[in-house]
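Asks: Need coordinates for the below:
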Amino acid sequence: MATFIGDFVCKSDTKGRIVLPSVFKKAMNAMEENRFVVRKDLFEDCLILSPYPEWEEEMEEIRSRVNLYNRAENKFYRQYFRGAAEVTFDANGRILVPKRLMEKIGLPKEIVLVGVDQKIELWHKSVYESEEMSESDLALMAENILGGVINRQKEGE
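Replies: Okay, the predicted model is just below:
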């Protein structure tokens, strides 16, 4: 499985294609297939680009938790798929994100591609820049989320 790291400002071409940074292309070379799923993030104003095997793992988890005979859960399931599309990268490392999805983040010309472990986030550049957290806020969040976990893991060794 590929790991994507870093953030890169990119521009879409006249057809709306986005060129993948060379660092991401290199990570993709380790992957067995070239299929991805792109969808709107549930919590942030960005798109998520997932390698197809990662998408399948995510879907297995969702399928195991959703009862399709429950009206609300069935509606969630449908809506989750509604905003998704399968895409592939061409030989030049370009991807064409469907216009309907790009419109969800404002159809920007300048996009920031952010590697977040096994996924790539696509952000409108100005939105991404406005979301940056101060270093002290990040440190406090790390302490709150990971402080006890890391200490408990060390104690268990």
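Asks: Show me the shaky parts of the chain.
Replies: 149-157 (pLDDT under 70).
Asks: Spatially central residue for this protein, please.
Replies: Closest residue to the average C-alpha location of the chain: Ile48 at 2.7 Å, with Cα atoms, centre = their mean.
Asks: Near Ile95, how many residues? Count them for me, please.
Replies: 21 (other Cβ atoms under 10 Å). To be clear about C-beta, it is placed using only N, CA and C from the backbone, and glycine gets the same treatment.
Asks: That one is in contact with Gly16, isn't it?
Replies: No: the criterion here is Cβ atoms under 8 Å, and Ile95 misses it with Gly16 at 9.7 Å.
Asks: Mind listing the residues bridging to the residue nearest to the centre of the chain?
Replies: Arg39, Glu121 (DSSP bridges).
Asks: distance of it from Lys15?
Replies: Remark: distance between Ile48 and Lys15 (Cβ to Cβ, to the nearest Å) = 22 Å.
Asks: How about Glu132?
Replies: From Glu132 to Lys15 the distance is 30 Å (Cβ to Cβ).
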